[in-house]
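J.: no sequence for this one, just the structure:
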C-alpha cells in the first residue's frame, strides 16, 4: 500500500552561506566541525497552576541567549574578541545562515575561553551572552 503522506522538498544547507558579524566585523577561522551554537537561556512562557487546577500562562519578555563562537586558535578574530572582552562594552551580533537570521544589539563576552597546547592547533570557544535576541526564519512553509 503506497504512503498517503506527501511532503515538500527540504531546503539545501550550505555552510558557505553562513555569515557571523560582531560589531560589523566578519568572523572567520572556525573550529573544524562547528561555526556557532545559540541556546535560549529563558523559556518563552511560565505557568502557574493553583490546587484546584486553575492555570495562568505568563509570557516571558526576557529574550536572553547563550552564543558560543568556536574559533581555531590561529584565527585573527581571537585578537578582536579579546579586545572586546578587555573593553567590557556591549556589541552587536548578526548571524545569517541558510535557515535563519539571529541578531542582538547588546552582547558581551562572559569570560576568556580556555587555551591549551598540543600536537595540533586547538580551539577557543568564546562564551557570549546575547540580550534581547531576535530570530527570524529565512524559509517559507508551503503545503
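T.: Structure's in. What do you need? Values in this document were obtained by computation on a predicted structure and should not be read as measured data.
J.: what sits against residue 129?
T.: Residue 129 sits next to 41, 64, 65, 66, 67, 107, 108, 110 when contact means CB atoms under 8 Å, 6 or more residues apart in numbering. Placement of C-beta: from N, CA and C, glycine included.
J.: buried among the residues you listed? Need that as a selection in PyMOL.
T.: Buried residues among these (16 or more other CB atoms under 10 Å), as a PyMOL selection:
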select buried, resi 65+67+107
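J.: which pLDDT does the model give the closest residue to residue 41 other than its chain neighbours?
T.: Of all residues not flanking residue 41 in the chain, residue 64 sits nearest, at 4.6 Å (CB to CB, 6 or more residues apart in numbering). Looking at residue 64, its pLDDT reads 94.
J.: show me the contacts of residue 129 that map onto strands.
T.: 65, 66, 67, 107, 108 (DSSP state E).
J.: list the contacts for the fourth one?
T.: So the one you mean is residue 107. 22, 67, 90, 91, 92, 93, 128, 129, 130, 131.
J.: for residue 89, see how far away it is.
T.: As for residue 107, its distance to residue 89 is 10 Å (criterion: CB to CB, to the nearest Å).
J.: quick check, residue 66 in contact with residue 39.
T.: Yes - judged on CB atoms under 8 Å, residue 66 makes contact with residue 39 at a distance of 4.8 Å.
J.: the spatially most central residue of the chain: what secondary structure?
T.: Nearest to the geometric centre of the chain sits residue 38, at 2.6 Å (CA atoms, centre = their mean). Of the three states, residue 38 takes strand under DSSP: H, G, I helix; E, B strand; the rest coil.
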